[in-house]
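*Asks:* give me a 3D structure for the following:
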Amino acid sequence: MEIIPDKIGRELDLAATLAALSQGLENYSELESLSLAEMPLIAAITAAYLESLNVREPIAMFSTNFTAENLNRNHNIKLAAKAIDKTLVLSDGQFSFNEVVGKATAQRGYREALVIVGGELVEGIGGGICQVSSTLYNAILLADLSILERRNHALAVTYLPPGRDATISYGWIDLKFLNERNHAVWLRTFIDGNKLTVTFYGKTIPGHEVSILTTDLASIDAEEEIIMTPDLPKGVQEQLKKGQPGYHVTVWRVTKLNGEEISREMLSQDSYRSVPYKYRVGTAQ
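*Replies:* Predicted structure coming up:
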């Protein structure tokens, strides 16, 4: 991190200038010039203030990948990532994803892409934003910040293992954290090709190490739904919908200092629905 020094500016001292002007007008015929009075203008953000925040180096980083084909979804990811980029959270300050990003609307530039609603994948404005919140969630965990609010998706996502995602829905479901560190944290987002990276900058703790563990992972097999139809020849099978398994999982955050475990925190016990495969099978003779 590099802090760019502040520069002292100038502003007009109106009272002193008017006083000088009033005095000068008494002998205006002899007055060749009149200097404006000025005062120093201190920068709103000074280098000394930034130094006091102790934002010095990366303290946590996490990345996820997205496919290049879905242009609308990728567009939404970039918009949401840009919205949270360069967010500064002071010591003892809170962060709310919904407050920072706001509501995803077409008027604000968001496009339609697949979203999970009621355990089903449907088209909706802002599809893809949850990948940003999920990537951020993992960076929050690795930065050892306190989670105030987080909820998993109803269905398992493809870009993260079960238990590591964080869904959001404006006005209903949020992702929030508290910065309990004794310094500020600065949030940066970077997109390189089809990879999204969220990085927290702050002050590292020597020997401090955080890892995320999952236990009790149980898979729920996807069932099959078969619709018999005379629209196909007998025995012919056609897949209408691809299914996916569900899961139960427990997630922990383990913190070590100089190689010795100092805390083990259970973060969540998450459940994901399975999605049945749907087929139709012909009955026509």
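*Asks:* so residue 207 makes contact with residue 255?
*Replies:* No - the criterion here is Cβ atoms under 8 Å, and residue 207 misses it with residue 255 at 10.9 Å. Placement of C-beta: from N, CA and C, glycine included.
*Asks:* who's more crowded, the two?
*Replies:* Neighbours were tallied for residue 207 and for residue 255 using other Cβ atoms under 10 Å; the higher tally belongs to residue 255 (14 against 10).
*Asks:* give the helix, strand or coil label for the residue nearest to the more buried one when sequence neighbours are not counted.
*Replies:* Using Cβ to Cβ, 6 or more residues apart in numbering and skipping the chain neighbours, the partner closest in space to residue 255 is residue 263 (4.5 Å). Following DSSP: H, G, I helix; E, B strand; the rest coil, residue 263 is assigned to strand.
*Asks:* what is the burial count for residue 263?
*Replies:* If we define neighbours as other Cβ under 10 Å, then residue 263 has 12 of them.
*Asks:* list the residues that contact it.
*Replies:* Counting by Cβ atoms under 8 Å, 6 or more residues apart in numbering, residue 263 touches 253, 254, 255.
*Asks:* how near is the last one to residue 205?
*Replies:* If I follow you right, that is residue 255. 10 Å (Cβ to Cβ, to the nearest Å).
*Asks:* shaky segments in the stretch 51-200 of the chain?
*Replies:* 118-121 (pLDDT under 70).
*Asks:* now with 50?
*Replies:* Along the stretch 51-200 of the chain, no part satisfies pLDDT under 50.
*Asks:* mind listing what the residue nearest to residue 174 when sequence neighbours are not counted touches?
*Replies:* Here the nearest residue to residue 174 in space, its sequence neighbours aside, is residue 98; by Cβ to Cβ, 6+ apart that works out to 4.7 Å. Applying Cβ under 8 Å, 6+ apart to residue 98 gives the contacts 168, 170, 171, 174, 175.
*Asks:* inside helices: which ones of the residues you listed?
*Replies:* Of the positions in the contacts of residue 98, not one sits in helices, assigned by DSSP state H.
*Asks:* before we move on, back to that, element containing the residue nearest to residue 174?
*Replies:* Element membership for residue 98, per DSSP states H and E: helix 97-101.
*Asks:* next structured bit after that helix?
*Replies:* The helix or strand immediately downstream of helix 97-101 is strand 112-117, counting by DSSP H and E.
*Asks:* pull up the pairing partners for that next one, direction included.
*Replies:* In the sheet containing strand 112-117, the strands it pairs with under DSSP bridges are strand 120-125 (antiparallel).
*Asks:* can you name the next helix or strand after the strand it pairs with?
*Replies:* That would be, after strand 120-125 and using DSSP H and E, helix 129-142.
*Asks:* tell me the gap between that following helix and the middle of its chain.
*Replies:* 5 Å (Cα atoms, centre = their mean, to the nearest Å).
*Asks:* angle of that helix against strand 112-117?
*Replies:* 60 degrees (axes from the mean of the first three to the mean of the last three Cα atoms, to 10 degrees).
*Asks:* dump the C-alpha coordinates for helix 129-142 into PDB.
*Replies:* Output in PDB follows, covering the C-alpha atoms of helix 129-142 (Å, rounded to 0.1, in the frame of the first residue of the first chain):
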ATOM      1  CA  ILE A 129     -24.800 -11.000  -7.800                       C
ATOM      2  CA  CYS A 130     -24.800 -13.800  -5.300                       C
ATOM      3  CA  GLN A 131     -21.400 -15.000  -6.700                       C
ATOM      4  CA  VAL A 132     -20.000 -11.600  -5.600                       C
ATOM      5  CA  SER A 133     -21.600 -11.900  -2.100                       C
ATOM      6  CA  SER A 134     -20.400 -15.500  -1.800                       C
ATOM      7  CA  THR A 135     -16.800 -14.600  -2.900                       C
ATOM      8  CA  LEU A 136     -16.900 -11.800  -0.400                       C
ATOM      9  CA  TYR A 137     -18.200 -14.100   2.400                       C
ATOM     10  CA  ASN A 138     -15.100 -16.300   2.000                       C
ATOM     11  CA  ALA A 139     -12.800 -13.400   2.100                       C
ATOM     12  CA  ILE A 140     -14.500 -12.100   5.300                       C
ATOM     13  CA  LEU A 141     -14.000 -15.500   6.900                       C
ATOM     14  CA  LEU A 142     -10.300 -15.600   6.000                       C
END
